[in-house]
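*Asks:* Fold the following.
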Amino acid sequence: MQSHRITMLGTGLIGDFYTMTLHGQRSRDRVEVVYSRSRERGSAFSKRWGIANATTSMEEAINHPDTNVVVVGLPNHLHEEAISLAAATGKAVLCTKPLARTAEEAKRILHSVEQAGVFAGYLEDLCYTPKTLKAIAAVQNGAIGSVTWVRSREAHPGPHSAWFWDGRLTGGGAIIDLGCHCIEIIRNFVGKGNRPVELMCWTDTFVHPIDDEDNAIALIRFESGAIGQFEVSWTFRGGMDLRDEVAGTDGTIWMNHFLRTGYEMFTAGAGGGYVAEKAETEAGWLFPVGDEVSELGYTDMFSDMFNAMDEGREPQETMYDGYVVNGIMDACYRSARSKQWEAIDLEWRHGSTARISKEPFAYEGHTVIKSETLPDGRRKMILKDKDTGDFVDRIVAG
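*Replies:* Below is the predicted model of the structure:
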């Protein structure tokens, strides 16, 4: 198996998570060069992770002769510059979420890596959590029939770094930060070939004195008729709430990824230790996370990226996916302003998807609407007369 030598752009929390994962899981891959806009942060980061080369020159870091992969963990407004420089070197490039601030910017990024012919991956970690991967596989294997509705929720008290709060640098508020996760989770369940057609979005700013939204809800209609629903908040108290629900014609999936993982602890002691990302207290009832980089998807995400690189295939999450997510977020902001359904404008590459349908069952010449077992054990059906359209109750057993 091939090993990779990595240039890490960025020394914030995401850079720590990425490097922790790369050095701890696929241990043959190593970060050899780190770029930071701050000499002090770069030096501290390199010492923390045993990285030989630290620089405040993005161009120097990307062009370093000892690396063959560039990982972009920078603020949103720097993604286009970093990816363009990396693509020009011919190195593989992996970018954190969101890909860009707008769909227009994302399209330029996408075209730059495609024209350069380099491997390009979109680091959407929450599509790689262990529960999500297992649920996606179940849906793809037909376990719940055709997906009709997906709800994805991410809520916490707000981002870690100052730049996140400046919409001029990010492109928006909670939608840009959290909605990008939810949208791509929804797409994985309804099917990436299922075109997002239109949406309705509400946003508001309740708590933080900022110009952008700290809460939002959206409904996304897909070509199949399926609905995606996301809820995001920077004002949720009590940690980080990550939940997904998937409804299908033959089943349902519920997932709680972070606040209720089966590990709950009460402490009246002094505390003082790290509990989990976005945890707000170190005493009382706590909900620690056993293996955070795994539970948040980083482990399987980087395994997929580097395995795809080695095998000459696309990863699960591509930069085209990142572009689609940006297109959907653009429509969210248009809808929030217009207060009506807005079309989603995309350079669509995946063809068309048939509308959800299910062949009905028949009983004695009638269409079966519902079949259930009553408390006394009798079997009851609700039937529709094909000729008259009338609905009737019928006890069929017991």
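*Asks:* And Glu292, what's its pLDDT?
*Replies:* Looking at Glu292, its pLDDT reads 83.
*Asks:* My error: substitute Ala279 in the last question.
*Replies:* Note for Ala279: predicted pLDDT of 70.
*Asks:* Count the neighbours of the closest residue to it other than its chain neighbours for me.
*Replies:* Closest residue to Ala279 apart from its sequence neighbours, by C-beta to C-beta, 6 or more residues apart in numbering: Gly239 at 5.2 Å. C-beta coordinates here come from the backbone N, C-alpha and C atoms, glycine included. Number of residues near Gly239 (other C-beta atoms under 10 Å) recorded here: 21.
*Asks:* I'd assumed Gly239 was in a helix, is it?
*Replies:* No. Under DSSP: H, G, I helix; E, B strand; the rest coil, Gly239 falls outside any helix and is assigned coil.
*Asks:* Kindly provide the distance from it to Glu295.
*Replies:* 13 Å (C-beta to C-beta, to the nearest Å).
*Asks:* Spit out the residues that contact these two alike.
*Replies:* Phe258 (C-beta atoms under 8 Å, 6 or more residues apart in numbering).
*Asks:* you'd agree Ala138 is up against Gly145?
*Replies:* No. Assessed by C-beta atoms under 8 Å, Ala138 is found out of contact with Gly145, at 11.1 Å.
*Asks:* Glu359: how many residues sit nearby?
*Replies:* The tally of other residues near Glu359 (other C-beta under 10 Å) stands at 5.
*Asks:* tell me the SS of it?
*Replies:* Classification of Glu359 using three-state DSSP returns coil.
*Asks:* Quick check, pLDDT for it.
*Replies:* pLDDT, Glu359: 88.
*Asks:* now swap in the one 4 residues further on and tell me
*Replies:* Per-residue confidence at Tyr363 stands at 94 (pLDDT).
*Asks:* Run through the residues that contact it.
*Replies:* Shown in contact with Tyr363 (C-beta under 8 Å, 6+ apart): Met381, Leu383, Arg394, Val396.
*Asks:* Give me the buried subset of those.
*Replies:* By neighbour count, with 16 or more other C-beta atoms under 10 Å, the contacts of Tyr363 hold Met381, Leu383 as buried.
*Asks:* Most widely separated two among the contacts of Tyr363?
*Replies:* Leu383 and Val396 (9.3 Å; C-beta to C-beta).
*Asks:* Which strand residues bridge Glu245?
*Replies:* Per DSSP bridges, residues listed as beta-bridge partners of Glu245: Arg151, Trp254.
*Asks:* Now do stretch 221-235: distance to the chain's middle.
*Replies:* Offset of stretch 221-235 from its chain centre (C-alpha atoms, centre = their mean, to the nearest Å): 12 Å.
*Asks:* Pull out the buried positions in it.
*Replies:* Using 16+ other C-beta under 10 Å as the test for burial, stretch 221-235 gives 221-235.
*Asks:* can you give me the strands for the stretch 1-150 of the chain?
*Replies:* 5-9, 30-35, 53-55, 69-72, 92-96, 120-123, 147-155 (DSSP state E, counting those that start in this stretch).
*Asks:* thinking again about what came up before, I'd like to know which of the contacts of Tyr363 are part of strands.
*Replies:* Met381, Leu383, Arg394, Val396 (DSSP state E).
*Asks:* residue contacts, the second one?
*Replies:* Under the criterion of C-beta under 8 Å, 6+ apart, the contact partners of Leu383 comprise Tyr363, His366, Thr367, Val368, Ile369, Phe391, Val392, Asp393, Arg394.
*Asks:* what's the closest non-adjacent residue to it?
*Replies:* Closest residue to Leu383 apart from its sequence neighbours, by C-beta to C-beta, 6+ apart: His366 at 3.9 Å.
*Asks:* where does the stretch 251-398 of the chain dip in pLDDT?
*Replies:* 269-278 (pLDDT under 70).
*Asks:* sorry, back to before: closest one to Ser43 among the strands of the stretch 1-150 of the chain?
*Replies:* Ser43 lies closest, by C-beta to C-beta, to one member of these: strand 53-55, at 5.8 Å.
*Asks:* How many residues are close by the closest residue in space to Asp390 that isn't next to it in sequence?
*Replies:* Among residues not flanking Asp390 along the chain, Lys384 sits closest, at 7.2 Å (C-beta to C-beta, 6+ apart). Lys384: 14 surrounding residues under other C-beta under 10 Å.
*Asks:* one step back: with distance to Lys339, mean neighbour count and mean pLDDT as extra columns, can I get the strands of the stretch 1-150 of the chain in JSON lines?
*Replies:* Shown next, in JSON lines, are the strands of the stretch 1-150 of the chain (distance: least, C-beta to C-beta, whole Å; neighbours: other C-beta atoms under 10 Å; pLDDT from 0 to 100):
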{"stretch": "strand 5-9", "distance to Lys339": "39", "mean neighbour count": "26", "mean pLDDT": "98"}
{"stretch": "strand 30-35", "distance to Lys339": "42", "mean neighbour count": "24", "mean pLDDT": "97"}
{"stretch": "strand 53-55", "distance to Lys339": "48", "mean neighbour count": "18", "mean pLDDT": "97"}
{"stretch": "strand 69-72", "distance to Lys339": "35", "mean neighbour count": "27", "mean pLDDT": "98"}
{"stretch": "strand 92-96", "distance to Lys339": "32", "mean neighbour count": "26", "mean pLDDT": "98"}
{"stretch": "strand 120-123", "distance to Lys339": "31", "mean neighbour count": "26", "mean pLDDT": "98"}
{"stretch": "strand 147-155", "distance to Lys339": "22", "mean neighbour count": "22", "mean pLDDT": "98"}
